[in-house]
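Visitor: dropping the sequence and predicted coords here.
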Amino acid sequence: MVSLYAKYLTERTDDRILEIKEGFATYRYLNENQVYIIDIFVLPQFRKKGIASQIADRICDEAKHSGCTEMIGTVNLLTKGATASLLVLIAYGMKLKSCSDNMIVLTKEI
């Protein structure tokens, strides 16, 4: 089943969504080389079980197949859970690319 949110995204934006029963991720291709993971959400009862990494891996595989060589993730430091989000991206192997104001940008070669 495709969620209403997924239908909305595909109708209104160029963003993509990967949904599984435990959570979802939204992402977009910035260009032929870069895929940007916008959001990853995992239901609380499934957190700390590698689900976010599994979702990111699936996006990574699709992006590599499309010719991408870099994955990008961001953390807005003003959002609730920003520290946890940053730790998840670092644990996934992302490295600091830049930081300005309240936004941290991380990348990973794929």
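Guide: Structure's in. What do you need? Residues are numbered from 1 along each chain as shown.

Visitor: contacts for the lengthiest strand in the chain?
Guide: Longest strand in the chain, counting residues (DSSP state E): strand 34-42. The contact list for strand 34-42 (CB atoms under 8 Å, 6 or more residues apart in numbering) reads 15, 22-30, 51-52, 55-56, 59-60, 62-63, 66, 68-74, 88, 110. For every residue, glycine as well, the C-beta is placed using N, CA and C.

Visitor: for it, what is the average pLDDT?
Guide: For strand 34-42, mean pLDDT rounds to 96.

Visitor: then stretch 89-100?
Guide: What stretch 89-100 shows for mean pLDDT is 96.

Visitor: and the buried ones among the contacts of strand 34-42, selectable in ChimeraX?
Guide: A single ChimeraX command selects the buried members of the contacts of strand 34-42 (16 or more other CB atoms under 10 Å):
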select :15,22,23,24,25,26,27,29,51,52,55,56,59,60,63,68,70,71,72,73,74,88,110
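
Visitor: given whichever strand or helix holds residue 96, what are its sheet partners and their directions?
Guide: In this assignment (DSSP states H and E), residue 96 forms part of strand 95-100. When sheet partners are counted by DSSP bridges, strand 95-100 sits next to strand 103-109 (antiparallel).

Visitor: the partner strand to strand 34-42, inter-axis angle?
Guide: 110 degrees (axes from the mean of the first three to the mean of the last three CA atoms, to 10 degrees).

Visitor: identify each buried residue in strand 103-109, please.
Guide: 104-108.

Visitor: among the residues you listed, which pair sits farthest apart?
Guide: For the buried residues of strand 103-109, the farthest-apart pair by CB to CB is 104 and 108; their separation is 13.7 Å.
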